[in-house]
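Engineer: need coordinates for the following:
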Amino acid sequence: MHLTIRHETRYTYTLPLAYTIQQLHLTPRVEPQQHVLSWQLSTPGHVHAYTDAYGNQSHMMTMDLPHQTLSIVASGAVETTAPDRGRVPNGDTLSPLIFTVPTRLTGVTPGILELAASCLPDGQAMTRDLMCLAEHIFGAVRYQSGATAVDTTASAALALGEGVCQDHAHLFLACCHAHGIPARYVSGYIDPENSDHAASHAWVDAWVEDKDYSGWISIDVTHARLMTDAYCRIAIGRDYDSAAPVRGVRRGGGTESLSVDVLIVPQ
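Structural biologist: Just a heads-up that it's a prediction; the model follows:
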């Protein structure tokens, strides 16, 4: 599938800022099932490109002149192919075991233990086990835009019974970690088709031990399905904090207003 993508993040402040630093994960990952045809990142200030610890194409943007608005635009075209049964090659050098450690957003609680036990064995899982978990999470946490925030934990979303794709991903990770199964957060884009879900998306990779395959599979928990060619992968990490598209700090500025526009055009 050919995906044309434009992602604009706009900040507006009530007072001038003296300094801004932002970590950007806005460039598609280098992976066999996706090929970047063209891509550009438009930002003010100084930009330093680097590859982070998870192999993500990253940028550090800094502005040290007074400013009251900030616009970051990532755009381009990506050719994607559907991975066989959601299986994504393990091209990185990191041990899967680093993705078994709970984080601030994926801590384990009794409610999460109960949910995990309904589907998962201990230590390793097959694709059918993980799809069962995705379906249970889909039923336990109804998709509701605006119900949660970026700092909402998996346990809080489960208790609320509502959330967005980020919460579904965090809850899936927490359940896997509770049983010692490697699982990691994925941020990127999805062709929304006729769905109400945002085109900027979050899903998961989980480690399976099937009879004919040992490795990562990619699961969209929000839609309870395996990843297809409708997805563009931007970053992986332990949770939202390590794979967020834009994340940073500022000095000054007063009250902040944020708007995000994402447009995905499939061909």
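Engineer: from here on, contacts and neighbour counts on C-alpha atoms
Structural biologist: Will do.
Engineer: so residue 260 bridges to which residues?
Structural biologist: Counting by DSSP bridges, residue 260 is bridged to residue 9.
Engineer: I figured it was touching residue 70, is that so?
Structural biologist: No. Judged on C-alpha atoms under 8 Å, residue 260 makes no contact with residue 70 at a distance of 11.9 Å.
Engineer: neighbour count for the two, which is higher?
Structural biologist: Taking neighbours as other C-alpha atoms under 10 Å, residue 260 and residue 70 compare with residue 70 leading, 16 against 13.
Engineer: and after the helix or strand hosting that one, which helix or strand comes next?
Structural biologist: Here residue 70 sits within strand 67-80, counting by DSSP states H and E. Heading C-terminal from strand 67-80, the first helix or strand you meet, by DSSP H and E, is strand 87-88.
Engineer: that next one packs against which elements?
Structural biologist: The contact analysis (3 or more C-alpha pairs under 8 Å, 6 or more residues apart in numbering; DSSP states H and E) places strand 87-88 against strand 213-220.
Engineer: could you say which helix or strand holds residue 5?
Structural biologist: Per DSSP H and E, the secondary structure element for residue 5 is strand 2-24.
Engineer: next, the buried residues of the helix or strand just after that strand.
Structural biologist: Per DSSP H and E, the first helix or strand lying C-terminal to strand 2-24 is strand 34-42. By neighbour count with 16 or more other C-alpha atoms under 10 Å, strand 34-42 contains the buried residues 34-36, 39, 41.
Engineer: got any ranges where the stretch 151-267 of the chain has weak pLDDT?
Structural biologist: Scanning the stretch 151-267 of the chain for pLDDT under 70 picks out 195-199.
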